[in-house]
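Asks: can't give you the sequence, but here's the structure:
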């Protein structure tokens, strides 16, 4: 009775100042190396960062005795504001909007890469990486994430938390593309990204910034 909990998670967070999702994909697109994996019809649901924050806030308000949310897990996304009102979008067309929004060549003007070919190459890259001691971006997990359906219904959050997205997907995605065009694109490094283990500069900067705190929390010495 004294400890009340509720868990809330997003799916594929996006928004201005994103340091992980869009920067890495846009850098690969900007170097001309991004291709559609598989048929390109995989579904995905997105969570604008403000919608996720909203979900956390209303979940905290649900922490009271008798609440139907106690001890439960919820996913908060952009819901029915997605292109499909069932709560999802098609991953590659939406990503291509961002790619073209940066002035890069559309992925639909390039040949796609068959799923089984990419999965075979991904396992080969794992094997090569293990031998030479490097980590390549192309790996089985990455192939799965870029080809599988990844979307969730949010009925439970709507019912128990009275959740409803405060930022519609179309508005949030358009504003995110504009932000990246105005703030990320001017600093784009055409030599970054690619197939090897190099990640977006913004992501690496964030990792470097967090590293001391992570090492302190784990009790491990900071790597020199």
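Replies: On my side now, so go ahead. This one's a predicted model, so the numbers in the text were calculated from it and none came from an experiment.
Asks: just to check, residue 70 is in contact with residue 7?
Replies: No - counting by CB atoms under 8 Å, residue 70 stays clear of residue 7, with 10.8 Å between them. The C-beta positions use only the backbone N, C-alpha and C, and glycine is treated the same way.
Asks: which of those two has more residues huddled nearby?
Replies: Per other CB atoms under 10 Å, whichever of residue 70 and residue 7 has more neighbours is residue 70, with 15 against 11.
Asks: residue 3 versus the more buried one, what's the distance?
Replies: 10 Å (CB to CB, to the nearest Å).
Asks: skipping adjacent residues, who's closest to residue 113 in space?
Replies: The shortest distance from residue 113 to any non-neighbouring residue, by CB to CB, 6 or more residues apart in numbering, is to residue 35 (4.9 Å).
Asks: for the one you found, helix, strand, or coil?
Replies: coil (DSSP: H, G, I helix; E, B strand; the rest coil).
Asks: so how many other residues sit close to it?
Replies: 15.
Asks: now do the same contact list for it.
Replies: Residues counted as contacts of residue 35 (CB atoms under 8 Å, 6 or more residues apart in numbering) are 107, 110-113.
Asks: just the pLDDT for it.
Replies: pLDDT, the model's per-residue confidence, is 95 for residue 35.
Asks: quick one, which of the contacts of residue 35 are buried?
Replies: 107, 113 (16 or more other CB atoms under 10 Å).
Asks: all strands of this structure, in order?
Replies: For the chain, applying DSSP state E gives strands covering 7-9, 13-14, 43-44, 47-48, 73-75, 89-90.
Asks: between the ones you listed, which gets nearest to residue 142?
Replies: strand 43-44 (14.6 Å; CB to CB).
Asks: now that closest one, how far from the centre of its chain.
Replies: Relative to the centre of its chain, strand 43-44 is centred 12 Å away, using CA atoms, centre = their mean, to the nearest Å.
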